[in-house]
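Asker: With the input below, show me the fold.
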Amino acid sequence: MSNFEDADTEETMTCLQMTVYHPGQLQSGIFQSIKFYHREKLSSSEVVTFGRNSNICHYIFQDKQVSRVQFSLQPFKQFNSSVLSFEIKNMSRKTSLIVDSQVLGYLNKMDLPYRCMVRFGEFQFLLEKEDGESVDSFETHFVFSPRPLLQENYWPAQTPVPESGSYLSSSTHSTFPTEMDENEL
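Answerer: Model (predicted):
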């Protein structure tokens, strides 16, 4: 039997691509222990943890603002599905985890959407899931972003609409709300 025949029966794996950004990433080496642009195969029976403690966490962020265990991802299979899904859980007592616009407090968890923005502190992660056939294992793939993800085309910034129902955009877009005196309008 040739290698070509074996390749036909090999299952594809679900891949969780994580594009990461932190404003101090170049100076401080926050992500120095993460292998970027490399697919890592993991067992779907294990809970994958992210945080500061290298004895507990699979992926380490070297920053004192990060909890020993910040959050976890647990693979699972929905009853009506043949592919892996993931559940994200906040493991930090001191910092909320924001998944898209949903705030997760300590020990709160939710199913991870196919594509979502995960944030805590100054960390930004764009998580994108690519389905595969295997339920025994999956892959992670980290991508480094030189710019903030919320300001890229990756993810739309949430722009509030005033009570009047209309929004005037200006060329000087501010990310912070500005207060005006009633007489200035």
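
Asker: what are the ranges of the strands in this protein?
Answerer: For the chain, strands defined by DSSP state E occupy the ranges 14-21, 39-43, 48-51, 59-60, 71-77, 84-90, 97-99, 102-104, 109-111, 115-120, 123-130, 137-144.

Asker: Compare these and report which one is nearest to Ser33.
Answerer: strand 59-60 (4.5 Å; Cβ to Cβ). Quick note: C-beta positions are derived from backbone N, CA and C, even for glycine.

Asker: Show the secondary-structure elements that the closest one is packed against.
Answerer: strand 48-51 (3 or more Cβ pairs under 8 Å, 6 or more residues apart in numbering; DSSP states H and E).

Asker: sorry, back to before: for Gly29, find the nearest of the strands of the chain.
Answerer: Gly29 lies closest to strand 59-60 among those, at 11.0 Å (Cβ to Cβ).

Asker: And that closest one, how far out from the chain middle?
Answerer: Relative to the mean C-alpha coordinate of its chain, strand 59-60 is positioned 13 Å out (Cα atoms, centre = their mean, to the nearest Å).

Asker: and that strand, which strands flank it?
Answerer: strand 48-51 (parallel) (DSSP bridges).

Asker: Please save the CA atoms from the partner strand in PDB.
Answerer: Extracted as PDB, the C-alpha positions of strand 48-51 are listed here (Å, rounded to 0.1, in the frame of the first residue of the first chain):
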ATOM      1  CA  VAL A  48      -6.800  24.100  27.000                       C
ATOM      2  CA  THR A  49      -5.800  26.900  29.500                       C
ATOM      3  CA  PHE A  50      -4.400  30.300  28.900                       C
ATOM      4  CA  GLY A  51      -2.700  32.500  31.500                       C
END
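
Asker: can you start the count at 29 instead of 1 from here on
Answerer: Sounds good: first residue 29 from here, last item strand 76-79.

Asker: Run the chain-centre distance for that strand.
Answerer: 12 Å.
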